[in-house]
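Student: pasting the structure only:
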């Protein structure tokens, strides 16, 4: 399919896919601020995200084709790297770009009814403007090959995210507090990241990530480099909601407009995690003594703590969105655990789970958005009996929920299986037991919701059958069916994750 | 007797305002040869309007420079900047490649010159628009609980 796309697009699209991928949404974002109509803004957003997805697929196709050598490099303004800003796509970020594109497109399609219901009418166009800026920022973080440029895009996406979260205030005033909290935490994270980049710049004299990577092996013992490493891990860990730096996440996810929750849960933390992986495996290298120590003494315990502690916290929440938010932190723990193994198998398991979790949480939060739209409440009690009144929405919710637990024949099972293999290979059998234990906790917190949905009588029996609108159901079912499809045939996501891991280790990808 | 005891402030600021805006444009175009450029110039223009708002009141400033205008100005600024990139791309260069703007051979610098000028203009629009939008958002905010209701 990708070959067909490559042969059918014009030459300019092949040559300029990398900058266009970011600049199309970034150019349309300010345009939407001038448009008065929300519907036009919605349609333009769909076009922008669709264009980005096409460019992401083109880049994936070029990276996978043998003649490219697995790398697309684009010199912004024709200032050649390492002096100029380089957009650099390899197997690792091609995968992330496609993920952000797919989720962005599906989220935008389903957004219109929920945005109309939850955001004040005169703000709808501005809302889409902020969304496109956030989307462009996330794409920029994923595509750039320049450490400082990565910071700039990180801030573009973060600042527009704070705005998006705060716009939930017309439904729940606590969104303002959540957004402010997120703003403070996110800014601290970005500051730490930029301090780390400053240290690296002081030590190496360059900001291009590939160039830094080539100079670091000679500077392994340097305290400056080690301090830079520490700052970058903490800064990006904060953005990726690594336990215990996740405090901003549950509130931000619970009170923001439900479309924003859905989009952020499936992309924002994933992109931050990608940036962390990029620095851990590409700029720095797991062969450095201090990084190896950080893996076993820091990332592995934190990953395990996240998946156990936050799964426990999820069990005791009464609001469905908070259950899912805590579960998100726990799932980030799985990914961090996979990364901390420090082998290609572990990294590919982490990335595989990253892809699957984006599909799972995307579908779950989309179903929650549908419920918010038709029945308003997000308490578990409000979900009682919805299995009868909204069977299509809730069946998709159930599929994604089973996938979150890791039931066989779903995507979530496959990625936990890969994670288990990688942990066993490394001799961490006890970590496998903890993974299974936290999956058991997932049975409890997903089970509580599903029990209310399918086996309890409705709170208000007069509420008749009320399904979500079709623009919401189609993207929801695409994600739900993807969970089943990729649970049976893992070739595509696992292949992407393996190639990405190989690229991160500098191995020959795409055998 | 005139009860306006701000008369000195008003007269002095009236004299200063055009000079502030002129200095902003001086900073803008001086960016070619030395320190200066769109960011600083945008801030200075915004300072001019903010000074007016301090002296004449926010409603008067909002009549002179409406919030819808500042918001649009910020958006247009970003589009001007990004538009130069597309212009270079249409001419067959890389994104934001100034040399390609007029299809010049190496050694000629009109493209470099015009490119940076237009981009700085975009920055001027963007920064002044954004600064004023932020100022209006804070200054024009109506307290939800009035002070005397406490």
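Tutor: Sure thing, it's come through. Computed from a prediction, not measured in an experiment: that's the story for all the values here.

Student: so who does the closest residue to residue B:24 other than its chain neighbours touch?
Tutor: Spatial nearest neighbour of residue B:24, chain neighbours left out: residue B:44 (3.8 Å); criterion: CB to CB, 6 or more residues apart in numbering or on different chains. For every residue, glycine as well, the C-beta is placed using N, CA and C. Residue B:44 makes contacts with B:20, B:21, B:23, B:24, B:27, as judged by CB atoms under 8 Å, 6 or more residues apart in numbering or on different chains.

Student: out of those residues, which are buried?
Tutor: Buried members of these, scored by 16 or more other CB atoms under 10 Å in any protein chain shown, are B:20, B:21, B:23, B:24, B:27.

Student: got the contact list for the residue nearest the centre of chain B?
Tutor: The centre of chain B sits closest to residue B:128, judged by CA atoms, centre = their mean, with a distance of 2.5 Å. If you count contacts by CB under 8 Å, 6+ apart, residue B:128 has them with B:41, B:42, B:43, B:45, B:46, B:70, B:73.

Student: buried set for the longest helix seen in chain B?
Tutor: When chain B is parsed with DSSP state H, its longest helix is helix B:110-139. Of the residues in helix B:110-139, B:111, B:115-133, B:135-136 count as buried by neighbour count, 16+ other CB under 10 Å.

Student: re earlier: which members of the buried ones among the contacts of residue B:44 occur in helices, if any?
Tutor: Among the buried ones among the contacts of residue B:44, the members falling in helices are B:20, B:21, B:23, B:24, B:27 (criterion: DSSP H).

Student: Take the residues you listed and write them to CSV, including distance to residue A:357 and pLDDT.
Tutor: CSV is the format used below for those (distance: CB to CB, whole Å; pLDDT from 0 to 100):
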residue, distance to residue A:357, pLDDT
B:20, 53, 94
B:21, 53, 92
B:23, 54, 92
B:24, 50, 91
B:27, 49, 89
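
Student: of those, closest to residue A:108?
Tutor: residue B:24 (39.0 Å; CB to CB).

Student: Looks like that closest one contacts residue B:37 (just checking).
Tutor: No. If you go by CB atoms under 8 Å, residue B:24 and residue B:37 don't touch, sitting 11.2 Å apart.

Student: Give me the pLDDT value at the closest residue to residue A:457 other than its chain neighbours.
Tutor: Leaving aside its sequence neighbours, residue A:457 sits nearest to residue A:385 (CB to CB, 6+ apart; 5.4 Å). We have a pLDDT of 79 for residue A:385.

Student: Likewise for residue A:127?
Tutor: As predicted, residue A:127 sits at a pLDDT of 89.

Student: burial measure for it, as a count.
Tutor: 25 (other CB atoms under 10 Å in any protein chain shown).

Student: Which strand or helix spans it?
Tutor: Element membership of residue A:127 [criterion: DSSP states H and E] is helix A:124-143.

Student: residue contacts, the closest residue to residue B:41 other than its chain neighbours?
Tutor: Spatial nearest neighbour of residue B:41, excluding adjacent residues (CB to CB, 6+ apart): residue B:28 at 3.7 Å. Shown in contact with residue B:28 (CB under 8 Å, 6+ apart): B:36, B:37, B:38, B:41, B:120, B:121, B:124.

Student: again, 7 Å this time
Tutor: Each residue near residue B:28 by CB atoms under 7 Å, 6 or more residues apart in numbering or on different chains is listed here: B:36, B:38, B:41, B:120, B:124.

Student: what's the answer for residue A:190, then?
Tutor: Counting by CB under 7 Å, 6+ apart, residue A:190 makes contact with A:151, A:154, A:155, A:158, A:235.

Student: mind checking how far the residue nearest to residue B:41 is from residue B:36?
Tutor: 7 Å (CB to CB, to the nearest Å).
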